[in-house]
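Engineer: 3D, please:
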Amino acid sequence: MGEFRVLEVKQSVFADNDKRADEVRKALKEKKVFLLNLMSSPGSGKTTTLTRTIEKLKDEIRIGVMEADIDSDVDAKTISDLGVKAIQLHTGGMCHLDADMTMQGLEGLETGDIELAILENVGNLVCPAEFDTGAVKNAMILSVPEGDDKPLKYPLMFSICDVVLINKIDVLPYFDFDMEACKKYILKRNPNAKIIPISARTGEGVEEWTLWLKEQVLDWQK
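Structural biologist: Sure, this is the predicted structure:
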């Protein structure tokens, strides 16, 4: 039987990416630019939540948005229509962004006049959680129709997020969703996670979310 070598490629890829992510954060700190990595599954209301967030903060904080998708420019146009700087990132079929791709996006966004850069990551609860983008904070959206058991099924995503927005609470009466059980599952994965129930459609809970985000941006600029 012939001899062969086994290369731990995945470990090497992650190690290189983590180093690059630290470099991204260092550069952001020097420029006093706060980067938020926003993740969720498709259909959770990510773009609607982002729209509400921008409407609340754009008069207080200079915002730029990077919309990441496998294809299309629908989301970037939606955000641009709100009067903030936006660019579309096409991942070429990849289901996530890594630190190097994020840096390319930041360069394209031209962050010289931006205080808050938001990366709307590719809709996916698996791959985006595996790669550190260099963001200062990670946020994810879980919508009520997805079910309260998602923290049990996708542990890594919930373990890396600083804040979890439970969206579409306006439809709670129509779904078998146990809010208290969901919170318990999230905290099981991440005891330090901040949990904010919201409805991006009605605006309920959005004030708490944007106040938290504003505090994080101001703290990063110190």
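
Engineer: Which other helices and strands does the least confident helix or strand in the chain by mean pLDDT contact?
Structural biologist: Within the chain, no helix or strand scores below helix 74-80, which has a mean of 84 by mean pLDDT, DSSP states H and E. On a contact count with 3 or more CB pairs under 8 Å, 6 or more residues apart in numbering; DSSP states H and E, helix 74-80 meets helix 46-57, strand 63-69, strand 85-90. C-beta coordinates here come from the backbone N, C-alpha and C atoms, glycine included.

Engineer: Packed most tightly, which of the ones you listed would that be?
Structural biologist: Neighbour counts (mean count of other CB atoms under 10 Å) averaged over each of the helices and strands packed on helix 74-80 peak at strand 63-69, with a mean of 25.

Engineer: Which neighbours in the sheet does that one have, and how are they oriented?
Structural biologist: Here strand 63-69 is paired, per DSSP bridges, with strand 85-90 (parallel), strand 116-120 (parallel).

Engineer: what angle sits between the shortest one and helix 46-57?
Structural biologist: Which is strand 116-120. 170 degrees (axes from the mean of the first three to the mean of the last three CA atoms, to 10 degrees).

Engineer: Would you single out the least confident of the strands paired with strand 63-69?
Structural biologist: Among the strands paired with strand 63-69, strand 85-90 carries the lowest mean pLDDT, at a mean of 89.

Engineer: before we move on, the earlier item: so can I have JSON lines of the strands paired with strand 63-69 showing distance to L211?
Structural biologist: Below are the strands paired with strand 63-69 laid out as JSON lines (distance: least, CB to CB, whole Å):
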{"stretch": "strand 85-90", "distance to L211": "23"}
{"stretch": "strand 116-120", "distance to L211": "14"}
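
Engineer: Ok, which of the ones you listed comes nearest R25?
Structural biologist: Shortest distance between R25 and the strands paired with strand 63-69, using CB to CB, is found for strand 116-120: 12.0 Å.

Engineer: How much space separates the residue nearest the centre of the chain from D59?
Structural biologist: Nearest to the mean C-alpha position of the chain, counting by CA atoms, centre = their mean, stands L38 at 1.3 Å. For L38, the distance to D59 (CB to CB, to the nearest Å) stands at 20 Å.

Engineer: With G147 instead?
Structural biologist: Separation of G147 from D59 (CB to CB): 36 Å.

Engineer: circling back to that earlier point, who wins for proximity to K46 among the strands paired with strand 63-69?
Structural biologist: Among those, the nearest to K46 by CB to CB is strand 116-120 (6.0 Å).
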